[in-house]
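In: just need the structure, nothing else, for what follows:
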Amino acid sequence: MGTETLAQYAASRRSPNLSELLEQYGCGPIRVEGTDDALYECHLLFDKAIELAEATSRDRFEAFARSVRDVLSQRWVLTEKTYERRNPKRLYYLSMEFLIGRSLANNVTNLLLDPLVKEVVRHKNIDWIDLVEQEPDAGLGNGGLGRLAACFMESAATLQLPAMGYGLRYEYGIFKQSMRNGWQDERPDNWLRSQDPWEVARPNEKVEIGINCSFELRGGSLRVVPGRPSSVIGIPFDRPVVGYGGKTINTLRLWAAAAPDYFDFQEFSGGDFVGALAET
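Out: Below is the predicted model of the structure:
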């Protein structure tokens, strides 16, 4: 390998500077923080309607995470437009679980934004560990298969493969564990109690699924009524899957289940408040 070839190889492997990265993601002239119209400040003001000094740790996390999502959003759209233009064979990965963990630190690393984050954290006097701890693990799996699915999706994005994941948007993780009086105590893991800053709801792409039964509450028991058709609504929520280097950002689409009607008004008017929600 000659000197010229070595130089070319070294140049191809060098880390891009921050301005090059932001230009790659389509947001070169946009500041992340430091001015009134920067991403971090805008999310605190327009999403939360609060001043910077009033922000809680959770507020700062959401603003920071949304700022990172803003950086990658244009590249995310560009990735999909590239697939549509080139019309390649696509890979769809269906899994009952995706154990993706926490997205903030992972996305910052894959987008190569560590230098920017260090500068923002220093300038804003932010406790980075405290910020990261505000994000719960996504309650989308509990074992090896879920972790395999998450790694597969991230690897596909890193290799710039046109891949898309499909799963279920579980509202609760497996459980939260604690010890009480020497015994294990399990409680629901409501990881979506606070708004997830990474997901993008797509209600205009909802799907209605017909089933040949319905449900009713009688005598305190929920029972299936066969032969009386009803339906379930599937609402998609998209999450970015960032490949290392940020050149390709694929999509993990999670489906939430919803009832077509929130409650039966006739049951409600008759005073059966619980029965009115049986279909839900």
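
In: can you show me the strands along this structure?
Out: Remark: strands assigned in the chain by DSSP state E are 91-94, 163-168, 176-180, 183-187, 200-201, 207-218, 221-242, 249-258.

In: who touches the shortest one?
Out: So that's strand 200-201. For strand 200-201, contacts defined as C-beta atoms under 8 Å, 6 or more residues apart in numbering pick out 235-239. For the C-beta atoms, the positions are set from N, CA and C on the backbone; glycine is no exception.

In: with distance to F46, neighbour count and pLDDT added, can I get the residues you listed in JSON lines?
Out: Formatted as JSON lines, the contacts of strand 200-201 follow (distance: C-beta to C-beta, whole Å; neighbours: other C-beta atoms under 10 Å; pLDDT from 0 to 100):
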{"residue": "I235", "distance to F46": "25", "neighbour count": "17", "pLDDT": "96"}
{"residue": "P236", "distance to F46": "25", "neighbour count": "20", "pLDDT": "98"}
{"residue": "F237", "distance to F46": "22", "neighbour count": "18", "pLDDT": "98"}
{"residue": "D238", "distance to F46": "22", "neighbour count": "17", "pLDDT": "98"}
{"residue": "R239", "distance to F46": "22", "neighbour count": "23", "pLDDT": "97"}
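
In: out of those, who's nearest P136?
Out: Relative to P136, the closest of these is R239; by C-beta to C-beta it sits at 14.4 Å.

In: once you drop chain neighbours, what's closest to the closest one?
Out: Once flanking residues are discounted, R239 sits nearest to L252: 4.5 Å by C-beta to C-beta, 6 or more residues apart in numbering.

In: isn't Y244 right up against T158?
Out: Yes: the pair Y244 / T158 is scored as a contact, 4.5 Å apart, by C-beta atoms under 8 Å.

In: the more surrounded of these two?
Out: T158 (18 against 15; other C-beta atoms under 10 Å).

In: now do the more buried one, the pLDDT please.
Out: Looking at T158, its pLDDT is 97.
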